[in-house]
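Colleague: Sequence first, then the predicted structure, then my questions.
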Amino acid sequence: MKKVHALLFLVVLSLLPAHVFAQPDKDKVVKQNGKKYYLHIVIKGETVYGISRDFNLGVKDIVLENPKAMDGISPGDTLHIPLMVAATANSSNNTTQLQKADSAKYIYHKVEPKETLYSLAKQYGVSVSVLDSLNPDIKDKGLRAGMDLRIPNHNYIAAAPNKADTTKGAQAFKNLVNGSNLTPEKKAGQLLNRYNIVLMLSFSQQEVDSVKMNKLLDGVQQFPLYAQISAGFYSGFKMGLDSLAMQGFNTNLHVFNIPMDSNGSRIDSVLKSPALASANLIIGPPYPTVFNHIAKYAKVHQIPIVSPLSAEINVLKDNPFASKAVPSAITETEQTADFIAAHNHGDNIIIVHNAEAANDNYFDLFKKRLNTALSIIEPKADSAVIVKYSDELTEVGKHISDKKYNVIVVPYQGNSFVPKMVNQFTNSKYNQDDSICIFGMHNWASMDVLDPNNLDTMHLHYPSNEYIDYTNHAVLSFIQKYRSNYSTEPGYYSYQGFDIAYFYGSMLKKYGTALQDNLPGEKYSGLHTSFDFYKPDEKGGLENKAIYMLEYKNYSLVKDNL
């Protein structure tokens, strides 16, 4: 299976251009055998697929004119890109006839003073290179006031598929994401025919280049972790957009490879890209350091930007256009306190305190939040008892009740005493006691030193934004479609990519440019991730607070929604 995943990554990576914008300054128009072509010089990272999307053509249109492209393309290659019939003709009658014939496919815009290609690209939801290719006069004479530009009519493109097929596809994907609960808000923005979405991931190109295919197939070598994450996320993300496309939502997806260690010049070149200037939504980069650089740009240009994988809360600081999909440990701690107050306020609640632990932040936060919540829910109830941790569990044992259900909370992330304590409980007289459970932190699930059998014995509960129910028919439908598309199994990040694409795409489709204003209050239950946003700081961005409470039960994980 690892080999299959590795080969899948090669397929996905081969489809991804370094960025999907053409380079007009390196291209020119020529005429050969009575036909006009755009000569395109291939740059590093470009693919036939990416170039075809950039010029609003099919792959076959490029391959037919460039047969050698069947075997792949390389930087420096010259491709003949067939030009669409020019919008200008020798005869005014021909022009009129042409415009009538093309009226379903194109719209015409008369350039106003001070308008630029970038502003027009953003206005009509197309790339600059598409405007270039449809309007050759721009290349020869530049953009001038009074010029008539031909622009793709996206309503025509959306209506092109067979109506029955579209309806059937829309219903299939509606069933796939039947957990969606998106409700309209009063505040609405400008709705566009097509949206530009920028996706920034880290494919670590240099590390990928060092992978040896023979070692990969023999199982001796694996793809770099970041590349695996990005490939999985991208494949799921594409399926999310495909789902929305079947419902009439049209996008231009621009993908950037932003390695974790990107230097200033690399980031600067991305920030100067026309694709970024015309973006309606930016997803990524996934890592906080690089994300913060892009987020500053998004703030200045008022573009919603999403941190898709990081739980770091600082990415939202002083940026009302930022949001993040993964709840922070602080939010998870607060939600755990609220859950226990709501579900266990009549039980015997014991909070374990370890004075020698390196960090008491979550302990203090949990204690304060729980006591506040308990005082509201049941004012006369006894507050939770705080017990000092000891190697022999003697202090904890003194407070365990034989008349009430015992809820033991250990709000510490990954400290060395955690596995020791769980093992002590498992080997103590409490290991067969069904009147006791432990609440821990999210990262406990990834601690190799914790034996799952011990966690099951102690009925471990922990907060998480990640859960896949393999009995859910929507999940099973997604798996089937993923296998059909990629000939392999979806990974953890594939589900996450789908949910983020589908949720944020649905918000764009419904609210347009007012997406960010309408995130708070929206709730969505996905295949893997749920969304429920709030503002931790009045001046900052939006954090997802949707949490599941997961429990080890009968050697499987079950969930309760908060």
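Modeller: Here it is on my side, so go on.
Colleague: can you count the residues close to residue 394?
Modeller: Neighbours of residue 394 under the rule other Cβ atoms under 10 Å: 10. C-beta here means a position set from N, CA and C on the backbone, and glycine is covered the same way.
Colleague: Could you list which residues are in contact with it?
Modeller: Taking Cβ atoms under 8 Å, 6 or more residues apart in numbering, we find residue 394 in contact with no residue.
Colleague: Now with 10 Å, please.
Modeller: Contacts for residue 394 (Cβ atoms under 10 Å, 6 or more residues apart in numbering) come out as 387-388.
Colleague: same thing with the one 5 residues further on?
Modeller: By Cβ under 10 Å, 6+ apart, residue 399 lies in contact with 348-350, 385-387, 406, 408.
Colleague: Among these, which one lies nearest to residue 81?
Modeller: residue 408 (66.4 Å; Cβ to Cβ).
Colleague: Just list whatever residues bridge to that closest one.
Modeller: Bridge pairing for residue 408 (DSSP bridges) gives the partners residue 350, residue 438.
Colleague: got the contact list for it?
Modeller: Contacts of residue 408 (Cβ under 10 Å, 6+ apart): 348-352, 387, 393, 396, 399-400, 421, 425, 430, 436-440, 458.
Colleague: Could you give me the ChimeraX selection string for whichever of those residues are buried?
Modeller: A single ChimeraX command is used to select the members of these judged buried by 16 or more other Cβ atoms under 10 Å:
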select :348,349,350,351,352,387,393,396,400,421,425,430,436,437,438,439,440,458
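Colleague: Between which two of the contacts of residue 399 is the distance greatest?
Modeller: 386 and 406, at 14.5 Å, using Cβ to Cβ across these.
Colleague: who's more crowded, the two?
Modeller: Between residue 386 and residue 406, counting by other Cβ under 10 Å, residue 406 is the more crowded of the two (21 against 14).
Colleague: Tell me how far the more buried one lies from residue 435.
Modeller: Residue 406 sits 6 Å away from residue 435, taking Cβ to Cβ, to the nearest Å as the criterion.
Colleague: Could you pull out the residues contacting both of these two?
Modeller: With Cβ under 10 Å, 6+ apart, residue 406 and residue 435 have common neighbours 347-348, 400.
Colleague: Now flag whichever of those is closest to residue 551.
Modeller: Nearest to residue 551 among the shared contacts of residue 406 and residue 435, with distances taken as Cβ to Cβ, is residue 347, at 14.7 Å.
Colleague: Residue 492 contacts residue 446, doesn't it?
Modeller: No. In this structure, residue 492 is not within contact of residue 446 by Cβ atoms under 10 Å, at 11.5 Å.
Colleague: all helices of the stretch 401-550 of the chain, in order?
Modeller: Ranges of helices in the stretch 401-550 of the chain, per DSSP state H, counting those that start in this stretch, are 417-426, 452-457, 473-486, 492-511, 515-518.
Colleague: With the stretch 1-150 of the chain instead?
Modeller: 2-15, 48-54, 59-65, 92-102, 117-124, 128-134, 137-141.
Colleague: and if you look at the stretch 201-350 of the chain?
Modeller: With DSSP H, counting those that start in this stretch as the criterion, the stretch 201-350 of the chain has helices at 205-209, 213-217, 225-245, 264-271, 274-277, 288-300, 329-344.
Colleague: can you count the residues close to the residue nearest to residue 494 when sequence neighbours are not counted?
Modeller: Using Cβ to Cβ, 6 or more residues apart in numbering and skipping the chain neighbours, the partner closest in space to residue 494 is residue 236 (3.6 Å). Neighbours of residue 236 under the rule other Cβ under 10 Å: 27.
Colleague: For residue 236, give me the pLDDT.
Modeller: Here, the pLDDT recorded for residue 236 equals 95.
Colleague: Please compute how far stretch 345-361 lies from its chain's middle.
Modeller: The chain centroid and the centroid of stretch 345-361 are separated by 35 Å under Cα atoms, centre = their mean, to the nearest Å.
Colleague: what about it, how long is it end to end?
Modeller: End-to-end distance of stretch 345-361: 23 Å, with Cα to Cα, to the nearest Å as the criterion.
Colleague: From residue 301, how far out is the closest residue to residue 277 other than its chain neighbours?
Modeller: Counting by Cβ to Cβ, 6+ apart, residue 277 lies nearest to residue 118, which is 5.1 Å off, once chain neighbours are set aside. Counting by Cβ to Cβ, the gap from residue 118 to residue 301 is 11 Å.
Colleague: Could you point out which residue ranges in the stretch 101-250 of the chain have low pLDDT?
Modeller: Along the stretch 101-250 of the chain, the model assigns pLDDT under 70 to residues 101-105, 125-130, 133, 139-141, 153-188, 204-225.
Colleague: mind listing what residue 310 touches?
Modeller: Taking Cβ under 10 Å, 6+ apart, we find residue 310 in contact with 284-289, 291, 324-326, 328.
Colleague: And for residue 325?
Modeller: Counting by Cβ under 10 Å, 6+ apart, residue 325 touches 283, 306-311, 465, 496, 499-500, 503-504, 529-531, 533, 543-544, 546.
Colleague: hmm, 8 Å instead?
Modeller: 306-309, 465, 496, 500, 529, 531, 544.
Colleague: What of residue 298?
Modeller: Residues near residue 298 by Cβ under 8 Å, 6+ apart: 282, 304-305, 319, 321-322.
Colleague: go again using 7 Å as the cut-off
Modeller: Contacts for residue 298 were tallied using Cβ atoms under 7 Å, 6 or more residues apart in numbering; they are 282, 305, 321.
Colleague: per-residue confidence for the closest residue to residue 540 other than its chain neighbours?
Modeller: Sequence neighbours aside, residue 316 is the residue nearest to residue 540 in space, at 4.4 Å (criterion: Cβ to Cβ, 6+ apart). With respect to pLDDT, residue 316 scores 95.
Colleague: quick one: residue 316 and residue 292, what's the gap?
Modeller: Plainly put, residue 316 is 10 Å away from residue 292 if you go by Cβ to Cβ.
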